[in-house]
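Visitor: I'd like to go over a predicted model; first the sequence, then the structure.
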Amino acid sequence: MSIVDEVESISKNPSSVYLVVGGNDYWENQIINQLKEIIPQEERTMNFATYDMDDVPLSEAINDASSMPFFGNRRVVIIKNAFFLTGMRNKSKIKHNINELERYLDNISNNTVLLIFAPYSKLDGRKKITKKLKKNSTVINLNDFSEREIINFVKQYIDNKHYQISNDALNELFSRTQGDLSKMINELNKVMIYSNKEKKIDLNIVDLLVAKSINQNVFSLVNYLMKGKTTQAIQFYHELLEQKQDSIKINAILESQFRLLLQVKILKDHGYSATMIAKSLKIHPYRVKLAYQSVESFTVDYLQAAYLELVQIECKLKSSQENPELLFEMFSIKFSQKKNSI
């Protein structure tokens, strides 16, 4: 069953326990909306509750889930940020008694729908509670929502609204939102208002209305550098500074991107596919896909040298009064020359 079908079935035929793995704002909101449909509006105050594990002990949520509905037939209890299902350490000082959840799973209430959000890329499958929860729940894995499924879902969403979108416009929308479904839908709603008369969305409309983030602007900068277009890279860097973008932040994103390129190159040379790399590095598949395509004509030594140079620039920016523009110009020229010698 697809994620779309799984989510839509919640209000029609709810399970007693759900485990939602992975973070996705759009689907999380859709799931919560489906759960609300289970409880009549007038009963929600007493029979619909949310508990954040960063702020509230697990025992409070389990006590609520174990209680009979108040003047109703069903109760919904939502647990957010279930970090105890992972191997991570949480800064919260809240103590959680995992045994209480285990006992609940041994005696699940027929009157309650318990939903647990674990917005993480991976759970700790060695833990007893993780194994038991997976065995006794309906698992919805948002991490499995692929790039193709996102594109197809957005196409269907647009079609249902009786609009049309060109392929290049859809690709640009995907790029500018980094494949974040929630952002895509939000931007689409804005674009649809603009194109309400003709109900056609083209590249010009997306370019006009969907802003590029600082990250995407820096990705454009990286593309210039990777293609050896030194003049364009330097000019674009000046434009970012004129837009009041912080030089340290720009360098940090550059550093992050070259680190990713280096990691992807090393793993690609060891036979990893783009999908395998995305899972290994726990990075959005779209970012890995772009990096995978970019590193073909570069050596590990080149990418490593570029990354280490950016680390040195970061130190200079933070500890001296050196001109950021001059540092970037020297970096661009230096690695453009190295690229041409590959």
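Guide: That came through, no problem.

Visitor: what's the separation between S332 and I248?
Guide: Distance from S332 to I248, counting by Cβ to Cβ, to the nearest Å: 17 Å. To be clear about C-beta, it is placed using only N, CA and C from the backbone, and glycine gets the same treatment.

Visitor: between the two, tell me which one has more neighbours.
Guide: Neighbour count, other Cβ atoms under 10 Å: between S332 and I248, S332 has more, with 21 against 12.

Visitor: make sure that one is indeed in a helix.
Guide: Yes - remark: S332 belongs to a helix, assigned using DSSP: H, G, I helix; E, B strand; the rest coil.

Visitor: just checking, it touches I234?
Guide: Yes - counting by Cβ atoms under 8 Å, I234 is a contact partner of S332 at 5.6 Å.

Visitor: pull the number of nearby residues for T275.
Guide: T275 has 14 nearby residues by other Cβ under 10 Å.

Visitor: how far off centre is the helix or strand containing it?
Guide: Secondary structure assignment for T275, by DSSP states H and E: helix 274-281. In this view, helix 274-281 has its centroid 14 Å away from the chain centroid, taken as Cα atoms, centre = their mean, to the nearest Å.

Visitor: which parts of the stretch 1-150 of the chain are strands?
Guide: When secondary structure is read from DSSP state E, counting those that start in this stretch, the stretch 1-150 of the chain shows strands at 17-21, 48-52, 75-80, 112-118, 138-141.

Visitor: which secondary structure elements does the longest one contact?
Guide: I take that to be strand 112-118. strand 17-21, helix 25-38, helix 58-66, strand 75-80 (3 or more Cβ pairs under 8 Å, 6 or more residues apart in numbering; DSSP states H and E).

Visitor: same thing but at 7 Å, please
Guide: On a contact count with 3 or more Cβ pairs under 7 Å, 6 or more residues apart in numbering; DSSP states H and E, strand 112-118 meets strand 17-21, helix 25-38, strand 75-80.

Visitor: the last one pairs with which strands?
Guide: In other words, strand 75-80. When pairing is defined by DSSP bridges, strand 75-80 lines up against strand 48-52 (parallel), strand 112-118 (parallel).

Visitor: rewinding a little: mean confidence score for the helix holding T275?
Guide: Averaging pLDDT along helix 274-281 gives 86.

Visitor: show me what the following helix or strand past that helix is packed up against.
Guide: The helix or strand immediately downstream of helix 274-281 is helix 285-294, counting by DSSP H and E. Contacts defined by 3+ Cβ pairs under 7 Å, 6+ apart place helix 285-294 against helix 247-269, helix 274-281.

Visitor: next up, the contacts around V264.
Guide: By Cβ atoms under 7 Å, 6 or more residues apart in numbering, the contact list for V264 reads I277, V288, A291, Y292, V295.

Visitor: same thing but 10 Å
Guide: Going by Cβ atoms under 10 Å, 6 or more residues apart in numbering, V264 touches 272, 274, 277-278, 281, 283, 287-295, 303.

Visitor: show me which of these is closest to M184.
Guide: Taking Cβ to Cβ as the measure, M184 lies nearest R287 of the contacts of V264, at 15.5 Å.

Visitor: look up how far F219 lies from that closest one.
Guide: 9 Å.

Visitor: what's near enough to touch the nearest residue to Y292 once chain neighbours are set aside?
Guide: Distance criterion Cβ to Cβ, 6 or more residues apart in numbering; nearest residue to Y292, sequence neighbours excluded, is A274 at 4.3 Å. For A274, the contact set (Cβ under 10 Å, 6+ apart) comprises V264, L267, K268, P285, Y286, V288, K289, L290, A291, Y292, Q293.

Visitor: quick check: pLDDT value at the nearest residue to G87 once chain neighbours are set aside.
Guide: Leaving aside its chain neighbours, G87 sits nearest to D124 (4.4 Å; criterion: Cβ to Cβ, 6+ apart). Here, the pLDDT recorded for D124 equals 92.

Visitor: next one: A306
Guide: pLDDT for A306: 92.

Visitor: thinking again about what came up before, in CSV: the contacts of A274, plus pLDDT and distance to S15.
Guide: Shown next, in CSV, are the contacts of A274 (pLDDT from 0 to 100; distance: Cβ to Cβ, whole Å):
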residue, pLDDT, distance to S15
V264, 95, 39
L267, 95, 38
K268, 94, 41
P285, 78, 28
Y286, 76, 31
V288, 87, 33
K289, 86, 34
L290, 84, 38
A291, 89, 38
Y292, 91, 38
Q293, 88, 41
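
Visitor: ok, of those residues, which come out buried?
Guide: V264, L267, K268, P285, Y286, V288, K289, L290, A291, Y292 (16 or more other Cβ atoms under 10 Å).

Visitor: relative to S9, which of the residues you listed is nearest.
Guide: Nearest to S9, judged by Cβ to Cβ, of the buried ones among the contacts of A274 is P285 at 25.9 Å.

Visitor: that older thread, for S166, find the nearest of the strands paired with strand 75-80.
Guide: When the strands paired with strand 75-80 are compared by Cβ to Cβ, strand 112-118 sits nearest S166, at 35.9 Å.

Visitor: the domain parsing of the protein - what is it?
Guide: For the chain, the structural domains run 3-144, 147-209, 214-340, going by automatic domain parsing.

Visitor: overlap in contacts, R287 and F219.
Guide: Shared contacts of R287 and F219 (Cβ under 10 Å, 6+ apart): Q178, Q257.
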